[in-house]
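A.B. asks: From the sequence below, what's the structure:
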Amino acid sequence: MAKSADQAYGAENRAGGTIMMFDPSKLVVIKDKKDDLYDKRVELPLNEEVVASIMLGGVHKPIVVWKDPETGTVIVLDGKQRMANGLEANKRLVKEKRPVRLIPGTVFKGDRKAALAKMIVLNEGNQEPTASNRAESAKRLLAAGYSEAEVGTILHLKIGTLKNYSALLSCAAVVRAAVDAEDIQPTDAYKLSKLEPAEQKEKLATMLEAAKGVVGKRRRAKKMRVATGEKKTRSKKEILKMIEVLGERFGKKAEATIDLLKWVLGEDPPDLNRPAVSVSAPDAPESKTTNHAPAAEA
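C.D. replies: Numbers count the residues shown, from 1 in each chain. Predicted coordinates:
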């Protein structure tokens, strides 16, 4: 008995009708910069090699489209460059009196908010993953009504990293460029975002000069901190290690200090009525007794 196509290829099942063929001239690409579904890459020029490839063999990777329930317009979410180059390829094919090429595509169903998230997720893999690009994506999702937690999930970002990226949009262009080039970290941009533009540029120049020729992220970061007079903020791991050391070396004498450090980490406040205990040096180890016999008299 002959096998079905899905059985022959070892597929679990057949999706059936998920891929549709579209005439690119009947699809819409958003070019209005005020529209939340606008993608700045629609401004990119045509690629002659891609146009020639489409004329020869068509488009192989399916695009993703979404039908606006309010207008009935079929909008391209992913594959805008394929569609643009496909349009140009078809213009040339018509001139040559040859059959035009249809473009394979899948349909995304959902409201406009969900369509925006879908577009951004798909475009994440198609654009250069710079900090600036991710910051723009986060900004658009937040503006669409997604919470920080939801945006973090969509973009696979921790909340702290998301805040750093958001702050990046408040930075001068040279700061954003330095982050994209990985000359400084997003955390540095977060700190610089709190300064006036002129101060941002001045401090950035100082940081980059100090790190010139230095290899290694940690060494570069230390050089930058020293150059700008910035003191290092201790990490939670470092504070916990200090609590451990204080407890081992000073015991009860360090209780007040340990309580204060735990309070810094978010635990209950220390007992302010506890009598102060001065901390000087570790307790001296007990002297060991010996059983040596007294020296004989001369």
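A.B. asks: how about the helices in this structure?
C.D. replies: Taking DSSP state H as the criterion, the chain contains helices spanning 5-8, 48-57, 80-95, 112-124, 131-143, 148-155, 159-168, 173-180, 186-192, 197-210, 217-228, 236-250, 255-264.
A.B. asks: Find the residue ranges of the stretch 1-150 of the chain scoring beneath the pLDDT cut-off.
C.D. replies: 1-17, 125-129 (pLDDT under 70).
A.B. asks: repeat that with 80
C.D. replies: Scanning the stretch 1-150 of the chain for pLDDT under 80 picks out 1-18, 124-129.
A.B. asks: coming back round to it: export the helices of the chain to JSON lines and tack on distance to Asp32?
C.D. replies: The way it works is simple: take the backbone N, C-alpha and C, and place the C-beta from them, glycine included. What follows is the helices of the chain, written out as JSON lines (distance: least, Cβ to Cβ, whole Å):
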{"stretch": "helix 5-8", "distance to Asp32": "42"}
{"stretch": "helix 48-57", "distance to Asp32": "25"}
{"stretch": "helix 80-95", "distance to Asp32": "14"}
{"stretch": "helix 112-124", "distance to Asp32": "14"}
{"stretch": "helix 131-143", "distance to Asp32": "14"}
{"stretch": "helix 148-155", "distance to Asp32": "23"}
{"stretch": "helix 159-168", "distance to Asp32": "24"}
{"stretch": "helix 173-180", "distance to Asp32": "24"}
{"stretch": "helix 186-192", "distance to Asp32": "30"}
{"stretch": "helix 197-210", "distance to Asp32": "29"}
{"stretch": "helix 217-228", "distance to Asp32": "41"}
{"stretch": "helix 236-250", "distance to Asp32": "46"}
{"stretch": "helix 255-264", "distance to Asp32": "49"}
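A.B. asks: remind me which residues of the stretch 151-298 of the chain are low pLDDT?
C.D. replies: When residues are selected by pLDDT under 80, those of the stretch 151-298 of the chain lie in 218, 221, 225-235, 268-298.
A.B. asks: make it 70
C.D. replies: In the predicted model, the stretch 151-298 of the chain carries pLDDT under 70 at residues 230-232, 269-298.
A.B. asks: now, of the helices of the chain, which is deepest in the fold?
C.D. replies: helix 186-192 (a mean of 21; mean count of other Cβ atoms under 10 Å).
A.B. asks: what separates that helix from the chain centre, distance-wise?
C.D. replies: 14 Å (Cα atoms, centre = their mean, to the nearest Å).
A.B. asks: How about stretch 60-78?
C.D. replies: That offset, for stretch 60-78, works out to 26 Å (Cα atoms, centre = their mean).
A.B. asks: end-to-end on it?
C.D. replies: 14 Å (Cα to Cα, to the nearest Å).
A.B. asks: and what of stretch 191-198?
C.D. replies: End-to-end distance for stretch 191-198: 14 Å, by Cα to Cα.
A.B. asks: Name the surrounding residues that touch it.
C.D. replies: Around stretch 191-198, the neighbours that count as contacts under Cβ atoms under 8 Å, 6 or more residues apart in numbering are Ala167, Leu168, Ser170, Cys171, Ala172, Val175, Gln200, Lys203, Leu204, Glu230.
A.B. asks: quick one: which of those is nearest Asn133?
C.D. replies: Taking Cβ to Cβ as the measure, Asn133 lies nearest Leu168 of those, at 10.4 Å.
A.B. asks: Where do the domain boundaries of the protein fall?
C.D. replies: Listed domain ranges for the chain are 17-127, 234-274 (source: automatic domain parsing).
A.B. asks: To Glu182, which of those domains lies closest?
C.D. replies: domain 17-127 (16.7 Å).
A.B. asks: what about that closest one, distance to the chain center?
C.D. replies: Mean-position distance between domain 17-127 and its chain equals 26 Å (Cα atoms, centre = their mean).
A.B. asks: for stretch 113-133, same thing?
C.D. replies: How far stretch 113-133 lies from its chain's middle: 11 Å, per Cα atoms, centre = their mean.
A.B. asks: First-to-last residue distance for it?
C.D. replies: End to end - Cα to Cα - stretch 113-133 spans 19 Å.
A.B. asks: repeat for stretch 53-63
C.D. replies: End-to-end distance (Cα to Cα), stretch 53-63: 16 Å.
A.B. asks: could I get the domains of the chain as CSV with distance to Leu162?
C.D. replies: Formatted as CSV, the domains of the chain follow (distance: least, Cβ to Cβ, whole Å):
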stretch, distance to Leu162
domain 17-127, 14
domain 234-274, 19
